[in-house]
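# heads up, no residue letters with this:
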């Protein structure tokens, strides 16, 4: 069982809708990540939060807005998306302070379809 | 700079026969290497990791990988494939980015297990 929980598992939205994806972990990790994964491709990094502060934004369009309200929660707010934004959105978390050696733990993802 | 090359996009084996998924890496640092597995419509699950301890790494579900610095390889093996092993496998190299991790993914290998 994954220790990173993502909701909802599936989301269908129109291009004018506003919705949010949620991610929660209780492993005490202080780094949290959003990835986007298209079919048959590896995940692509979108955002990284360290100690609840945005540390990496991989030039993601502003229609995606991340938020880290506390050390256990990570949200991704969605507004005015395009059909090409349809993908599996993965949340992950990791410890801080182990260099590159620490593992990322992934949730099961939220499958987003934009009509 | 880091990169990962998975040498086979698709591998097909019969149930009960050995599995070999090949991965070569390039890293400016002493690398941390991982194998993740992704079953259909699921998140990524960590199979095993190498972080400069033993070069032969044992993971979950009978998988293991050997780090060979001279060949810059980190191939994944399993002595006997099971139907449940059918999935996408990603070889990953990691390095620290500030206090978080930056992952570089290979393009993935789709493993098919035939009855």
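Arrived safely, thanks for sending. Nothing here was measured: the structure is a model prediction, and the numbers come from that model.
# does the helix or strand bottoming out on mean pLDDT in chain B come close to chain A?
When the helices and strands of chain B are scored by mean pLDDT, DSSP states H and E, strand B:100-105 comes last with a mean of 84. Yes: using Cβ under 8 Å from any Cβ of the partner chain, we find that strand B:100-105 touches chain A at B:100, B:101, B:102, B:103, B:105. From N, CA and C alone the C-beta is placed, and that goes for glycine too.
# what's that strand packed up against?
Under the contact criterion of 3 or more Cβ pairs under 8 Å, 6 or more residues apart in numbering or on different chains; DSSP states H and E, strand B:100-105 touches strand A:31-37, strand A:44-50, strand A:53-57, strand B:3-6, strand B:87-97.
# in that strand, what's buried?
Buried positions in strand B:100-105, judged by neighbour count with 16 or more other Cβ atoms under 10 Å in any protein chain shown: B:100, B:101, B:102, B:103, B:104, B:105.
# ok, now stretch A:45-62?
Residues of stretch A:45-62 classed as buried by neighbour count (16+ other Cβ under 10 Å): A:45, A:46, A:47, A:48, A:49, A:50, A:52, A:56, A:60.
# Tell me who's in contact with the last one.
Residue A:60 is in contact with A:46, A:47, counting by Cβ atoms under 8 Å, 6 or more residues apart in numbering or on different chains.
# one step back: tabulate the buried residues of stretch A:45-62 (TSV), appending pLDDT and distance to residue B:23.
Compiled in TSV, the buried residues of stretch A:45-62 are given as follows (pLDDT from 0 to 100; distance: Cβ to Cβ, whole Å):
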residue	pLDDT	distance to residue B:23
A:45	94	20
A:46	96	24
A:47	95	27
A:48	93	24
A:49	94	29
A:50	91	28
A:52	94	34
A:56	85	25
A:60	94	28
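# tell me which residues form a beta bridge with the residue of chain B found nearest chain A?
In chain B, the residue that lies nearest chain A is residue B:105 (3.6 Å; Cβ to the nearest Cβ). Here residue B:105 sits in beta bridges with residue B:92, as judged by DSSP bridges.
# And for the closest residue to chain B within chain A, the neighbour number?
As assessed by Cβ to the nearest Cβ, chain B sits closest to residue A:42 within chain A, at 3.6 Å. The tally of other residues near residue A:42 (other Cβ atoms under 10 Å in any protein chain shown) stands at 22.
# Disregarding residues adjacent in the polypeptide, which is nearest to it?
residue B:105 (3.6 Å; Cβ to Cβ, 6 or more residues apart in numbering or on different chains).
# okay, the angle between the least confident helix or strand of chain B and strand A:53-57?
If you take axes from the mean of the first three to the mean of the last three Cα atoms, to 10 degrees, strand B:100-105 sits at 30 degrees to strand A:53-57.
# got the contact list for strand B:100-105?
For strand B:100-105, contacts defined as Cβ under 8 Å, 6+ apart pick out A:31, A:33, A:42-43, A:45, A:48-50, A:55-56, A:94, A:96, A:100, A:102, A:104, B:2-4, B:34, B:90-96.
# Go ahead and build a PyMOL selection from the buried members of these.
Only the buried entries of those go into this PyMOL selection, using 16+ other Cβ under 10 Å:
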select buried, (chain A and resi 31+33+42+43+45+48+49+50+56+94+100+102+104) or (chain B and resi 2+4+34+90+91+92+93+94+95+96)
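# so what's the backbone phi/psi at residue B:38?
Residue B:38 has phi and psi values of phi -130, psi 110 when expressed as degrees, to the nearest 10.
# dump the residue contacts of the closest residue to it other than its chain neighbours.
The shortest distance from residue B:38 to any non-neighbouring residue, by Cβ to Cβ, 6+ apart, is to residue B:88 (4.6 Å). Counting by Cβ under 8 Å, 6+ apart, residue B:88 touches B:37, B:38, B:39, B:108, B:109, B:110, B:111.
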